[in-house]
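Novice: Quick one: sequence plus predicted model below, questions after.
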Protein chains: 4
Amino acid sequence: MKVIVDFCITPLNVGASLTPYIAECQKIIAEMGLSYQLHAYGTNIEGKWEVVMESIKRCHIRLHEMGAPRLSTQLKIGTRSDREQTMTDKVEHVQRYIAEQS
Amino acid sequence: MKVIVDFCITPLNVGASLTPYIAECQKIIAEMGLSYQLHAYGTNIEGKWEVVMESIKRCHIRLHEMGAPRLSTQLKIGTRSDREQTMTDKVEHVQRYIAEQS
Amino acid sequence: MKVIVDFCITPLNVGASLTPYIAECQKIIAEMGLSYQLHAYGTNIEGKWEVVMESIKRCHIRLHEMGAPRLSTQLKIGTRSDREQTMTDKVEHVQRYIAEQS
Amino acid sequence: MKVIVDFCITPLNVGASLTPYIAECQKIIAEMGLSYQLHAYGTNIEGKWEVVMESIKRCHIRLHEMGAPRLSTQLKIGTRSDREQTMTDKVEHVQRYIAEQS
């Protein structure tokens, strides 16, 4: 089963800058060969259910190892049985629709 | 690794009532022996990471089988390395704190 | 316009216990006369759009005043134009459906 | 108070394609003069609390007018009292950190 997710992990009680933690997660996701795209409030990832979920588990394990005592993740998970769809498709459909309307 | 999650699955394009789909997910979670609590905008579940995530995967598979062409899940995932905490603890700590203040 | 929301506010970099912050939000919501229900990963609130959203804004303002330098809220917002529905309705419909099936 | 939000609105029971609804929201946000960025699972928006929240309310009102009987929004709301930060800052900090590490 293919998924598109939006992943946002928040380490609590680690200081004001979350950058090293977010960067580490980007590295983990990249190393697993997944397609992903960082945005201002999370990271879109697409791939097989098991692989995407494994990447998120590894992020939790790794950030605890880095010293974060408490982690809260927000995850949106989209699956479809009617047709294939990529992250790029989703954005392009909307942009094309807007262009055609105007 | 122990997790507390908040799980909310939204089947798209299946009619206005989501009740049969939500009920099916409750059944799946119960059958896996997980502790869970339904609320007005989702279900809190606690257990081992692998078991909780497997329950969510089964919900996606089952709801597609029931005819939902498209599913969108919102999931919050909390993990701690500093100490054990249950769903009941979280609510009771806040309620006790409020009682002591007033 | 009536809304049912699920509200979860996370203060960053304030220490491991979030209880005083969550308790303060419960107080703000109660003082505004809104119906609400705390659960293990957030608080369900129902009421008029403007009042519910004002309560969330006041929580952000107050928690910054309490010293939280950075706040991240997760909010689900449900609205319907087809019929009235309460938080209690949502939970009872599912529970009744499950009872009838078994 | 300045906010950065991640906004994802899901119309239920309107057919499999959500594109016309998402496009309408993009138009509403643009007309209000807000900075925003569409991604594969939502839209990042930045601006004043009141203006951003008004844009989301208008999206709910408009999508109900377009015929959606039921809407569910997922919203992340970030505020800071320690310093100013833009959507672009957030992405660039992480990308610069990754570039420096490698």
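Specialist: Yep, it's here.
Novice: Around chain B, pick out the residues from chain A.
Specialist: Residues of chain A lying near chain B by CB under 8 Å from any CB of the partner chain: A:1, A:49, A:53, A:56-57, A:60-61, A:64, A:68-82. For every residue, glycine as well, the C-beta is placed using N, CA and C.
Novice: what's the neighbour count on residue A:83?
Specialist: 9 (other CB atoms under 10 Å in any protein chain shown).
Novice: before we move on, the earlier item: check the residues of chain A next to chain B against chain C, which are close?
Specialist: Within these, those near chain C by CB under 8 Å from any CB are A:69, A:70, A:72, A:74.
Novice: Am I right that the third one falls within a helix?
Specialist: Put plainly, it is residue A:72. No: according to DSSP: H, G, I helix; E, B strand; the rest coil, residue A:72 belongs to no helix; its state is strand.
Novice: Going along the chain, name the strands of chain A.
Specialist: With strands called from DSSP state E, chain A shows them at A:2-12, A:35-39, A:42-48, A:70-80.
Novice: mind putting these in a markdown table, mean pLDDT and mean neighbour count included?
Specialist: Shown next, in a markdown table, are those (pLDDT from 0 to 100; neighbours: other CB atoms under 10 Å in any protein chain shown):
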| stretch | mean pLDDT | mean neighbour count |
| --- | --- | --- |
| strand A:2-12 | 97 | 22 |
| strand A:35-39 | 97 | 18 |
| strand A:42-48 | 98 | 21 |
| strand A:70-80 | 97 | 22 |
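Novice: Tabulate those (JSON lines), appending distance to chain D.
Specialist: JSON lines is the format used below for the strands of chain A (distance: least, CB to the nearest CB, whole Å):
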{"stretch": "strand A:2-12", "distance to chain D": "4"}
{"stretch": "strand A:35-39", "distance to chain D": "4"}
{"stretch": "strand A:42-48", "distance to chain D": "4"}
{"stretch": "strand A:70-80", "distance to chain D": "5"}
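Novice: Take those and lay them out in CSV including distance to residue B:38.
Specialist: Converted to CSV, the strands of chain A look like this (distance: least, CB to CB, whole Å):
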stretch, distance to residue B:38
strand A:2-12, 24
strand A:35-39, 32
strand A:42-48, 27
strand A:70-80, 19
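Novice: between those, which gets nearest to residue B:35?
Specialist: strand A:70-80 (19.0 Å; CB to CB).
Novice: Tell me the helices and strands packed up against that closest one.
Specialist: Packing contacts for strand A:70-80, counted by 3 or more CB pairs under 8 Å, 6 or more residues apart in numbering or on different chains; DSSP states H and E, involve strand A:2-12, helix A:49-65, helix B:49-65, strand B:70-80.
Novice: Try it again at 6 Å.
Specialist: strand A:2-12, strand B:70-80 (3 or more CB pairs under 6 Å, 6 or more residues apart in numbering or on different chains; DSSP states H and E).
Novice: That one vs strand D:42-48, what angle?
Specialist: 130 degrees (axes from the mean of the first three to the mean of the last three CA atoms, to 10 degrees).
Novice: So what's the gap between strand A:70-80 and the chain middle?
Specialist: 8 Å (CA atoms, centre = their mean, to the nearest Å).
Novice: again, but for stretch A:64-73
Specialist: 17 Å.
Novice: residues making contact with that stretch?
Specialist: Applying CB atoms under 6 Å, 6 or more residues apart in numbering or on different chains, the external contacts of stretch A:64-73 come out as A:9-14, A:60, A:63, B:77-82, C:10, C:16.
Novice: biggest separation within the ones next to chain C among the residues of chain A next to chain B, which pair?
Specialist: So, these by CB to CB: farthest apart are A:69 and A:74, at 18.5 Å.
Novice: From residue D:66, how far off is the closest residue to residue A:49 other than its chain neighbours?
Specialist: Nearest non-adjacent residue to residue A:49, counting by CB to CB, 6 or more residues apart in numbering or on different chains: residue A:1, 4.6 Å away. Separation of residue A:1 from residue D:66 (CB to CB, to the nearest Å): 31 Å.
Novice: what do you get for residue A:6?
Specialist: The span separating residue A:6 from residue D:66 equals 24 Å under the rule CB to CB.
Novice: now residue A:26
Specialist: 37 Å.
Novice: What parts of chain A come near chain C?
Specialist: Residues of chain A lying close to chain C by CB under 6 Å from any CB of the partner chain are A:10, A:13, A:15, A:16, A:69, A:72, A:74.
Novice: Closest one of the residues you listed to residue C:93?
Specialist: Nearest to residue C:93, judged by CB to CB, of the residues of chain A next to chain C is residue A:74 at 26.3 Å.
Novice: Many thanks, I have nothing further to ask.
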